[in-house]
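Novice: how would this look folded up:
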Amino acid sequence: MFAYLTRSRKLLPALMRVGLVAPEVGSKSPTVLLWGVPINDPERGNLIKEELQTICRHFNERETSFSEPDVVVDLEDGGLIFIEAKYLAANDTKPANYLGWVNYEKAA
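Specialist: Prediction:
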């Protein structure tokens, strides 16, 4: 869906319709990465990919987990949008004493 919307230049209007992007952002086509891979603007997309990899390394992520986040939409001065794609996936929750929480940074 995101690849289609990007290639057909319908992504920005769709994001505006659902309230994720303000109309004043402009009409420039956003740079989109799907699972860490740029699908349109390779120059800008690869810069974003490298920054994401640097951040993942900072958090000691496994190299095989660098595909997060699922969708990145770069609006340059308009900001970044991160989208988690869940289709037919369980939306599980963990209790406060879940041992895996040590892998997450605490909010400042």
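
Novice: mind listing the helices for the chain?
Specialist: 2-7, 11-17, 42-58 (DSSP state H).

Novice: could the ones you listed be laid out in CSV, adding mean pLDDT, distance to Asp70 and mean neighbour count?
Specialist: For every residue, glycine as well, the C-beta is placed using N, CA and C. Below are the helices of the chain laid out as CSV (pLDDT from 0 to 100; distance: least, Cβ to Cβ, whole Å; neighbours: other Cβ atoms under 10 Å):
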stretch, mean pLDDT, distance to Asp70, mean neighbour count
helix 2-7, 93, 9, 15
helix 11-17, 92, 15, 16
helix 42-58, 91, 12, 14
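
Novice: For stretch 21-40, measure first residue to last.
Specialist: Stretch 21-40 stretches 19 Å from its first residue to its last (Cα to Cα, to the nearest Å).

Novice: which regions of this protein sit below the pLDDT cut-off?
Specialist: Applying pLDDT under 70 to the chain flags residues 27, 91, 105-108.

Novice: Just tell me which of the helices of the chain ends up closest to Leu88.
Specialist: Of all the helices of the chain, it is helix 2-7 that lies closest to Leu88, at 17.0 Å by Cβ to Cβ.

Novice: Assess the claim that Val74 and Arg44 are in contact.
Specialist: Actually, residue 74 is Asp. It isn't Val. Yes: contact criterion Cβ atoms under 8 Å: Asp74 and Arg44 qualify, at 6.6 Å.

Novice: ok so, going back, nearest to Ile81, out of the helices of the chain?
Specialist: Of all the helices of the chain, it is helix 11-17 that lies closest to Ile81, at 7.0 Å by Cβ to Cβ.

Novice: ok, residues contacting that closest one?
Specialist: Helix 11-17 is contacted by residues 2, 5, 21-23, 25, 27-30, 32, 73, 81 when judged by Cβ atoms under 8 Å, 6 or more residues apart in numbering.

Novice: One more: stretch 62-72?
Specialist: Under the criterion Cβ under 8 Å, 6+ apart, residues 2, 32-36, 48, 52-53, 56, 61, 80-85 lie in contact with stretch 62-72.

Novice: In ChimeraX, how would I select the buried members of the residues you listed?
Specialist: Burial among these is assessed by 16 or more other Cβ atoms under 10 Å; the matching ChimeraX selection reads:
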select :2,32,33,34,36,48,52,56,81
